[in-house]
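Trainee: got a predicted structure here, sequence first:
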Amino acid sequence: MPTSPATGSPATPSPDGAAEPIMLELVDEGGVTIGTAEKLWAHQAPGRLHRAFSVFLFDDEGRLLLQRRALGKYHSPGVWSNTCCGHPYPGEPPFVAAARRTAEELGAAPALMREAGTVRYNHPDPASGLVEQEFNHLFVGVVRGELRPDPEEIDDVAFVTAKELAERRAEGVFSAWFGTVLDAALPAVREVTGDTAGW
């Protein structure tokens, strides 16, 4: 199984306190697991295709919850992106990973969440030189709880209408993958928000 010896990437503490590298699930073009790789190594050019997820949560008025990624993040710091995105642990179902990370990053779990398909893309990030080669599982839902963003993950949050999002995208920098995952999720977004929300 493909693995990487790369070091210097984000790590999680093991039970004995030592840092362990974060591992991702490598997949083939059909999304079938073919191995694992260390997180940073998988994102170094040319990138290795791996499993990911993207979440789009809306309030009851049909506004999308955006997050601005924390400035301390090694990948795409300080840019706006969708509600939550990340990578399942090897063997972890994408739906479980998406719900888990949304709660961890935002301090509020989705009130409702449904699958919204998958999308495969290859997006280099000009600022960092890292590459997103991802087989991305999409989820759309509703959030109602009070938000308590983790400052190590999120610098700011905002609920936006479709019109406000278009204005923000014209004026500011968004993550390299944002447009691709939003376009792929739009059919499910429209089902969740209804015709009056303008998505």
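Mentor: Perfect, thanks for sending it.

Trainee: which residues are contacting the top helix by length along the chain?
Mentor: Of all the segments assigned as helix in the chain under DSSP state H, the longest by residue count is helix 178-193. With contacts defined as CB atoms under 8 Å, 6 or more residues apart in numbering, helix 178-193 is touched by 54, 56, 58, 62, 64, 80-82, 85, 112, 114-119, 121, 123, 136, 138, 140-142, 169, 197, 199. Every C-beta, even on glycine, is put in place using the N, C-alpha and C of the backbone.

Trainee: for the buried ones among those, write the corresponding ChimeraX selection.
Mentor: Of the contacts of helix 178-193, the buried ones go into a single ChimeraX selection, burial set by 16 or more other CB atoms under 10 Å:
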select :54,56,58,62,64,80,81,82,85,116,118,119,121,123,136,138,140,141,142,197,199
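
Trainee: separation between Asn122 and Thr161?
Mentor: The spacing between Asn122 and Thr161, counted by CB to CB, to the nearest Å, is 30 Å.

Trainee: confidence score at the closest residue to Pro124 other than its chain neighbours?
Mentor: In space, and not counting its chain neighbours, Pro124 is closest to Val131: 4.9 Å by CB to CB, 6 or more residues apart in numbering. Taken from the predicted model, the pLDDT recorded for Val131 is 94.

Trainee: tally up the residues packed near Val131, please.
Mentor: Under the neighbour criterion other CB atoms under 10 Å, Val131 is assigned a count of 18.

Trainee: any idea which element the spatially most central residue of the chain lies in?
Mentor: By CA atoms, centre = their mean, the mean C-alpha position of the chain lies nearest to Cys85, the distance being 1.2 Å. When elements are defined using DSSP states H and E, Cys85 is found to belong to strand 84-86.
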